[in-house]
Every structure is written in structure tokens, then in C-alpha cells.
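In: Predicted coordinates and the sequence they were generated for:
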Amino acid sequence: MKDLKILAVLIFFTAVIYIGVEPYAHSVMHPHVAPADYKFTDLNDVTIKEQGNVKNGETLVQSNCIGCHALKAAGIDAPMDNASAASVYGVVPPDISTAGLIYEKNYLAHFIKNPAKASKIDHKFNDQNPHPMPNYEWMSDDEINDMVAYLVSIAPSHLEDKKVFEDACSRCHTMRYAKIEAHSDVTDYMGSYPPDLSIIIRARSKEFLNTFINDPQKQLHGTAMPRVGLSEDAQKQVITYLENVGDSKKGEREALAPWVLGYLVILAIFSYLWKIKIWREVH
Amino acid sequence: MAKFEKSEGFVDWLDQRLAIKKFNKVMMTEYWIPKDINFLWAMGVILATMFAVLLISGIFLLMYYKPDTALAFDSVNYTIMQEVAYGWLFRHIHGVGASVIFLIIYIHMFTGIYYGSYKKGREMIWISGMLLFVLFSAEGFSGYMLPWGQMSYWAAYVITNIFGGIPLIGDELVVWIRGNFFVSDATLTRFFMLHVLLIPLAIAATIGLHFYALRIPHVNTQTGEDVDFDTESERYLAGDKKSAKVIPFWPVFMAKDLFVLSTFLIFFFYLVFFHYNFAMDPVNFDPANDLKTPAHIYPEWYFLWSYEVLRGFFFDIAGIKAFDLGLMAFGFANAIFFLLPWLDRSPTVAPANTRPYFRVWFWLLVIVMIVLSVYGKLPPTGTNAWVGFVSSISFLTLFISLPLVTILERRSSK
């Protein structure tokens, strides 16, 4: 069949161009990075214990954290409103009620010990310009473990995707299409305006977001965005939420596809039969 | 005045006034196409259909799109993509359609080149076709600007900047095209006008010319055989359909085209639903930001080969600046296809594979254009820059050598 031979040539050249300008070119422009590390194994200054002393942790949190942080799960409000907090610290200190659920334990312990190091933004801070949250390097590993144990004990067992997104991302990022406002304008603090995340799911691939959220420096070296230390589950929830907002018609798209394609397959069959019938007269 | 009689029905009534039966014969049932063709001859009908698809989906998008730098991005990405019922479908059809139509245009073009369908009376078909290529390019470029994403903005910036290289009037020309000293709201609004009015009007008119240009010289066959359309059509009408070398456009030619078209549409809608990123670049889902240059700026895939010719010259030669050299090569690359019928000095109308010299030339052209396309997207650094340079030179050399190649072929065949 001559037509099939021609078709094979067409498909071959189309495929070569496609592979060249899409997967190949993009793999050159965005080199592959190591997969997400949800255990944050680069952090190993604190020895993590399975069980901490929750009671002692509570005392430590009460005396060290709530000066700046809200802890609504224990009925403690933030000492300042968002605007004042932002003007004092540059960024609003989060309510730590859900920290024990959404942040990975090893990360959380190291974050308490040295926030700039754990979040990999120590290139932004120094002695003259310290990270707004002080280091707790003077604490013993046991004490840090106790605080983590307390935060885990008061955290809810499950959160909605949207709530995870708000706690993990919306202190800095807005999401206009979901009517979520950033807690404060962190342009000065970060050095640039953090992008609106409304359709970031269409602007970046899922694979990119997975490694980027897990460790922003991997994909964008020198970025001001901190590694936030989400657990694997929490990160999945964030990405699901990004998709629900940014690609809200995905379900409709995938539901409509079989109808349209099915219709066209039937059309192709009938048009083939018609072609056979008509061409029988002329061949 | 013509004589009108009491009509025998609606069709007859219309026929007396509009001669629809005659019209139908001329345009459909007695518009003759050669029988010796393959499915590549269906590309014209696919292109006409895709133009209609783009027009209709564009009309729906036009009802919600706002040509204002403050509103454009959200009108596309929120209103159309999320709020309007099936707005996403129209945008995906429009965006993917704009990309896929170029695939078909290139197939159509290279079919013409391969079978030698641009010469010996078919020059006007070729020229009107190339005009359509240029108009569709302008349409694609102006449309790409409208969502006002990062790539919209920066492509507009880079492409309008190219005109700055034209001697004497360059700087003023760039300002004139942009409507401002930089790419701005005025730029967006005027490209919107071009995209939805002026260029589509020109395309519709040129499609008319392209179809009309086919009437006198007729469609080529897959062997290049010179068919006597008068004799063959008489034979067909006399009932000898099997031995006649022609078929009527309707229903015989269209019966085949409809099958090819519906198969193509399966492929097209698969892309619309499942595989659209190649046509709707993710970078363009970031809003335009004049302070933040994207790491990689590249045009849509169908412009890559000429873009690579433009930037292939990355160093000064003989005192001429690299930018000017690139611009000259770019101008040459875009104009030279128009001259193809006169660059080919051989009178032979036959498939390239049966022509000893032209065959080599044709496949080299295909390979060079693919290499240019791929390297047009890769970052132009290190070896990539040299591959770009060498393939740009090869492209120019191919066209400059075509008269020689075809003259040699003509002499050797005597």
C-alpha cells in the first residue's frame, strides 16, 4: 500500500521534529534533578527520637514559641495582627497548630534548631540581617524532640487540601482564582514578589512542582523561597489543591474526551465505508 | 431581462434566480480532479476545515477576551478557562488548532515541492499558497500575544525588535509597529485588531485566490502525468468512469477526503484533550512581566527553523555585524520559497524520488529544516551555536544551488 508507506514517512518525520523540539529540548533546558527527598536526609544535626515528652514539650513551646506564633489549637492567639507582624518580622509568623501534621518530623526538629539552614535560605541571612526566627541551637536534642512531640500531639489528624495549602503556602503566595490572599506583602522580605499560584499547575509540570516544593534550590538555585519541609502526604495535598484550582476543568475535559473521540471514530468508519462504495465505481 | 417562469418548486425557483444547478456543476460535480492521487491530496480540504475550526472557536473566544494588558491574562485564564461553559474546550481547540494547522501547511507545502506541483503553469498556486503561509504566520504570531503571558510578551518584544535591523528606518519602524517605545497596551490592542480582523480577512481572500488558481492548471497527479482534462472529463460523463483519468470533486474526491479528514480529527482531538502543552506553552501561563526575562525565549515550533536562521549567525563576518547577517539570512529564508518555481530550472514535473539530482536536494532540505527547528529551540551555546551556524549556511546554500542542481539534472536527462 503506497498510502501507508507515505503515512509512515510522515509519521517518522513528525515524530523526529516532535521529540527534538519537545521532550529533548526541554530535557536540555531543564536538566533532570534528583527526586524529592521527603525524609530530608541532608539534615542530621539532631538525633530524632520516636517518643518525646509531650508534657515537657508543652512547657517549652509555651515559653519559647508563643511570643511570636499563634497556637489556636491550644487557644492561644497571635500576639500581633498580620499587618503589625509583617512590619516587625518581614513575614507573618505562622500559627503552629498544624505544624505537627504538615511538616515532616526530622525537618521540623532541624527547623527549630536552625531555621535558615533547614529551609536552605542561609544565603539570604547573616549576623547583621538574621532570620526572623532565632536559632534554638542552645537546646538539647531531647528538648527539641519534646517540642516536636507536643506539636504532633496537638495537630489535627487530617486537614482539607485547601487548609494545607493555606498553612504551607499562603503566608507569602496569593491565589487570586481561589480568592486566597497572602497574609502580608513579602516583596521586601523576599526580594521579589512571590508569584500568584492560581494556575501554576499549568505553568509548571507536576514533576517540577514535586521537586521544587520539596527543595526549591534544586530547580532554582539561589531562590529566596524557603524549603518548607512538607511531609509527602501534605505535599500531595498541596499539589492536588493547585490542580483543583488551576486546572478546574480537568474532570470535565477527561469526561468529554471519550464522547468526542468516539464520535470521530464512528465518523471515520462510516466515511471509510462511503469511500469504498464511491470508489468502487471509478476503479 | 431574463425570462422567468412559474417555478416547479423551491430548487427550481432558486435555480432561475441564482443558477444553482450550474454553480453546483462548476464547483462540485463537474470540477475535475485527477484520479491518480494519494492521501496527501487531502491536505487542502483538511486545511480549509481547520481554518473554519479556528474561525468558529475564535468567534467564541472573542466574546469573552479583553484586549487590555490589565485584563487580558485573566480574561483568558480565568473567564474563558474556568468560568465560561466549555470555554476551555474552545481555547484548547484554538490553541492546538493553530499549531496543528502549521503541521498540515508544512505537509501540504512539501507535498507540492516533492511532486513538482509549483511549476509549468502552477506558479500562481504556489505563490498564493506561500502568501497564505506568510499570512498564517502573522496570524499565529499575533494570536500568541493575546493571552499576555510571559512568552506572549517576550516573543512580541524579540520579534518586533527584529524590524529594528532594517537600515535607516529600523528604529522608527519598531516604534511604529509597537505603537509605543516599548511593548505595551497599544501593542496588544493593535495585534488584537490584526488577529481578529485584518489578517483573517486577508486569509479568506487569499484562500479564494488559491482555490481559483487551481481552476486553469488543475491539480497535479502523483506521477506528474499531464492529464487532458477535457477529454477525460467527457469520458467520465459518458459513463466510462473506470478508465477516465479524472474524478469529480463531489462526491468522489470528497469521499476520500472525508475519510482522511475524520482520521485526522481523531488525532487532532486527542491532542486537544490529552496532549496540548506542545501548543500551549506552560511558560505562557505565567503572566507577562517586563522585569523578569524568561530563562529561555523561543517561538512556537513552526517558526523555529527561520528563527534559527536568524540567530545562526552569531559572529561578525567581514565587518558585517552578526545581527545584520542573521537578519539578512532571515529575510532571504522567508522570501526564497516564493521564488521556488523559478529556481527550479528543470521542466520535469515528477516526484522527487524519480529525479536523480532533485531527489537529493529535496531530502537534504527536509533534514536541514528539521535540524534548524530542533536547534532553534535549544539554548544557542557551545556546539549548539555552531550546529545552528552550519545548518543556516546549508539552508542558504541549498537554495542558491537549486538552479545549478536542476540545470545539471536537465542536461543529464537529455
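Out: Happy to help now that I have it. Residues are numbered from 1 along each chain as shown, chains lettered A, B, ... in the order given.

In: C-alpha from now on. contacts and neighbour counts both.
Out: Noted.

In: Point out the residues in the stretch 101-250 of chain B that sit beside chain A.
Out: Contact residues, the stretch 101-250 of chain B versus chain A (C-alpha under 8 Å from any C-alpha of the partner chain): B:241-244, B:247.

In: Which among these count as buried?
Out: B:241-242, B:244, B:247 (16 or more other C-alpha atoms under 10 Å in any protein chain shown).

In: Among those residues, which one sits closest to residue A:123?
Out: Within the set of those, residue B:247 lies nearest residue A:123; the separation is 74.8 Å, counting by C-alpha to C-alpha.

In: What is the helix or strand the closest one falls within packed up against?
Out: Assigned by DSSP states H and E, residue B:247 falls within strand B:246-248. When contacts are defined as 3 or more C-alpha pairs under 8 Å, 6 or more residues apart in numbering or on different chains; DSSP states H and E, strand B:246-248 packs onto strand B:32-34, helix B:229-237.

In: Other residues contacting that strand?
Out: Residues external to strand B:246-248 that are found in contact with it (C-alpha atoms under 8 Å, 6 or more residues apart in numbering or on different chains): A:282, B:28-35, B:229, B:232-233, B:236, B:241, B:253.

In: wait, does the helix or strand just after that strand contact chain A?
Out: Past strand B:246-248, further along toward the C-terminus, the next helix or strand under DSSP H and E is helix B:254-274. Yes: contact of helix B:254-274 with chain A is found when judged by C-alpha under 8 Å from any C-alpha, involving B:255-256, B:258-259, B:262-263, B:265-266, B:269-270, B:273.

In: Point out the other elements, helices or strands, that helix B:254-274 touches.
Out: If contacts are counted by 3+ C-alpha pairs under 8 Å, 6+ apart, helix B:254-274 sits against helix A:250-280, helix B:43-62, helix B:87-114.

In: mind running it again at 6 Å?
Out: With contacts defined as 3 or more C-alpha pairs under 6 Å, 6 or more residues apart in numbering or on different chains; DSSP states H and E, the secondary structure elements packing on helix B:254-274 are helix A:250-280.

In: For the helix it packs on, buried residues please.
Out: Using 16+ other C-alpha under 10 Å as the burial criterion, the residues of helix A:250-280 that qualify are A:253, A:257, A:261, A:264-265, A:267-268, A:271-272, A:274-275, A:278-279.

In: want to try a markdown table for those, with distance to residue B:64 and pLDDT as columns?
Out: Shown next, in a markdown table, are these (distance: C-alpha to C-alpha, whole Å; pLDDT from 0 to 100):
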| residue | distance to residue B:64 | pLDDT |
| --- | --- | --- |
| A:253 | 20 | 98 |
| A:257 | 24 | 98 |
| A:261 | 27 | 98 |
| A:264 | 28 | 98 |
| A:265 | 32 | 98 |
| A:267 | 32 | 98 |
| A:268 | 33 | 98 |
| A:271 | 36 | 98 |
| A:272 | 39 | 98 |
| A:274 | 40 | 98 |
| A:275 | 40 | 97 |
| A:278 | 44 | 97 |
| A:279 | 45 | 96 |
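
In: State the mean pLDDT of the strand holding residue B:247.
Out: Per-residue pLDDT values across strand B:246-248 average out to 97.

In: Show me how far stretch B:316-328 is from its chain's centre.
Out: With C-alpha atoms, centre = their mean, to the nearest Å as the basis, stretch B:316-328 stands 29 Å off its chain's centre.
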